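Trainee: predicted model and sequence follow; I will ask about them next.
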Amino acid sequence: MKKIILLLIVMLTISLFYLNSGLGFKFTEIVGAPEERAIKHRFSDNVAVQAAIIDYRIEDGYAFGFRLPAYEASCEGGKYTSSLLSLEGVFFILDLNDELYLEFKQEREFYEHLASLGLRQNLNLSSTQLNDVVQGYEARYKEFGYFDTCTPL
């Protein structure tokens, strides 16, 4: 009997830890290179925040951060298609409870909205870091000149 009670306590503790950690019960991160990193629903293939998430934070029931939207492009006159990242990043906020997703092109609007939610204090995303990421991808695309021939599908 003691073993059963101990087992139930351990299972309950693990369940509570699991439900209250990270993105919670509904969501999970697709782990990998930034080009692949996204947030999806835990029990389906539905994606809540599309790749490529460069950086994000979780605080008080919200996931928020910065991503470079991916798009499919036709390259070299239609010889092949490639998945490329837009060099115009967007900021996002995902309400983990209501599943409401917001996207901002302007950094100022993003920070104002975070402040209205009481989240601004712990945001560690810096403009310098984000600009470095964008410039890194831009340099990669310039290094391989054939990306200049690509047009969005």
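Mentor: Structure's in. What do you need? Numbering: from 1, shown residues only.
Trainee: which ones are touching Tyr141?
Mentor: Neighbour list for Tyr141: 84, 87, 147 [criterion: Cβ atoms under 8 Å, 6 or more residues apart in numbering]. (Glycine included, C-beta is placed from N, CA and C.)
Trainee: buried subset of those as a PyMOL selection?
Mentor: Buried subset of those, written as a PyMOL selection, criterion 16 or more other Cβ atoms under 10 Å:
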select buried, resi 84
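Trainee: tell me which entries of the contacts of Tyr141 lie within strands.
Mentor: Mapping the contacts of Tyr141 onto strands (DSSP state E) picks out Leu84.
Trainee: which one of the contacts of Tyr141 is nearest to Thr128?
Mentor: Checking the contacts of Tyr141 against Thr128 by Cβ to Cβ gives Leu87 as the nearest, at 16.3 Å.
Trainee: pull the contacting residues for the closest residue to Ile39 other than its chain neighbours.
Mentor: Closest residue in space to Ile39, ignoring its immediate chain neighbours: Val49 at 4.1 Å, by Cβ to Cβ, 6 or more residues apart in numbering. Applying Cβ under 8 Å, 6+ apart, we find Val49 in contact with 38-39, 56, 63, 67, 92, 94, 101.
Trainee: cool, thanks, talk later.
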